[in-house]
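Engineer: No letters, just coordinates:
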Ligand code: CMC
């Protein structure tokens, strides 16, 4: 069986043989299909990239129908059970799990780059107390680009490595300081004695304790949530990081763009939207009425549905279990009953079954974050911090891929033909 596709152009009667590799044809191969020699050639039209691979990637494997997610081949469930976020970040960046020395060196380099320039504190003062922390995260990532001008040398592997470490290291600091600023609390400097997540919790929640001790269950829960959010192949924000990075923009502004994409309620902002939705529903008895309104097209069931998963999101399964550990410490989140009822009704309802709508990663994560004391505005930030390692792995892979060029989609022009300028007096 030949791995080719025969296409007959009924406009000309000509037949073309197009190679199939990895279940894919190259869109550029369609260009040979022309009606006349000066014809541009056939293009494919795929708004929202519904069926177009934009890259080859060895980082994350996702089978949406089977509900499978693997980082560099390792099942997400095993990583969530046995790994740590920093080890996973190493895995994403380097392609292999580290040995003891490699992990130690990696953790050390991350934990010794957690401080940010004092200017950032002054920059924070320019915001209103209620400025959304995601807006600030986007801005601060771009601001960091102004401090590290050597980061522009994106083709230099050594420089690239340095800034990868800096970004992963500084994400918790800028996020925590934005949070402290919104409360009017003094900023807490990073502590290299704590773990990545322990340090983050300290910078967020330390008040007057000389030594902040994070609760081990909550610290581990946050680490697991970070593992689950670290990468998700070519989603909206990763595509933004790759797209902006393809112009050879530095990693800080590439990640600012990715964070801006993540901010949206259809993407990383969904966890915040879920919490607001659960609060609005208010009581289990209101769930059927809410489901009916969703089916009537009056809004979406936030935290449900996914472009790729047409099955239960494997991350949601891990999070649902994790919720029990967290609630055992913090007390049960009263909104959980509403979420469970929503899930129960939705999973047995024809509307959701037909459309293969299942809970996604954002459906339960917000409940855990809220129980841990995070305000809802921080939820997308908690998504962005670990996703930075995924964005950076994808950004590096894109730069090292000889087939990649500046990202530049085509269009089908639908505007007017050429026409003469009309002077103001004649309009
Ligand atoms: N509630 C109700 N109906 C839905 C939902 C939902 N959450 N999601 C999709 N549908 C319906 C949609 O209206 C459409 O129905 P119809 O065929 O009658 O027009 C059908 O299901 C297919 O949906 P779609 O909009 O074509 O699917 P998509 O792949 O373009 O959108 C999505 C994927 C995630 C944007 C969408 O499911 C959604 O908006 N979900 C709610 C927001 C959310 O939870 N986002 C987090 C995604 S997971 C974290 C991440 O990776 O970012």
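Structural biologist: Thanks, I have it. Owing to the predicted nature of the structure, the values given are computational and were not obtained by experimental measurement.
Engineer: Taking the protein, what residue is nearest to the ligand?
Structural biologist: Residue nearest to the ligand within the chain: residue 305 (2.4 Å; CB to the nearest ligand atom). Glycine gets a C-beta too; all of them are placed from N, C-alpha and C.
Engineer: residues in the stretch 251-400 of the chain within reach of the ligand, list them.
Structural biologist: Within the stretch 251-400 of the chain, the positions near the ligand by CB under 6 Å from any ligand atom are 266-268, 270, 294, 300-307, 355, 357, 360-362.
Engineer: per-residue confidence averaged over stretch 128-142?
Structural biologist: Averaged across stretch 128-142, pLDDT comes to 93.
Engineer: Number of residues surrounding the nearest residue to residue 52 once chain neighbours are set aside?
Structural biologist: In space, and not counting its chain neighbours, residue 52 is closest to residue 46: 4.5 Å by CB to CB, 6 or more residues apart in numbering. Neighbour count for residue 46, taken as other CB atoms under 10 Å: 11.
Engineer: again, but for residue 278
Structural biologist: Residue 278 has 25 nearby residues by other CB under 10 Å.
Engineer: Would you mind measuring the gap between the ends of stretch 174-192?
Structural biologist: 16 Å (CA to CA, to the nearest Å).
Engineer: So what's the gap between that stretch and the chain middle?
Structural biologist: 23 Å (CA atoms, centre = their mean, to the nearest Å).
Engineer: before we move on, what about stretch 108-122?
Structural biologist: Distance, centroid of stretch 108-122 to centroid of chain: 23 Å (CA atoms, centre = their mean).
Engineer: buried ones in that stretch?
Structural biologist: Across stretch 108-122, burial judged by 16 or more other CB atoms under 10 Å covers 109, 110, 111, 113, 114, 116, 120.
Engineer: swap in stretch 402-413?
Structural biologist: Buried-residue list, stretch 402-413, by 16+ other CB under 10 Å: 404, 407.
Engineer: can you list the residues that contact that stretch?
Structural biologist: Contacts with stretch 402-413, where a contact means CB atoms under 8 Å, 6 or more residues apart in numbering, come from 43, 45, 54, 55, 56, 242, 243, 246, 247, 398.
Engineer: distance of the third one from residue 37?
Structural biologist: Going back to what we said before, that points to residue 54. 30 Å (CB to CB, to the nearest Å).
Engineer: Give me the more crowded residue out of those two.
Structural biologist: residue 54 (16 against 5).
Engineer: Tell me the confidence at the more buried one?
Structural biologist: You'll see residue 54 listed with a pLDDT of 96.
Engineer: please renumber so the chain begins at 32
Structural biologist: Yes, from this point I'll number from 32; that puts the last item at residue 85.
Engineer: That one contacts residue 277, doesn't it?
Structural biologist: No - judged on CB atoms under 8 Å, residue 85 makes no contact with residue 277 at a distance of 10.0 Å.
Engineer: If we go by neighbour counts, what in stretch 389-406 is buried?
Structural biologist: Neighbour-count burial for stretch 389-406 [16+ other CB under 10 Å]: 389-403, 405.
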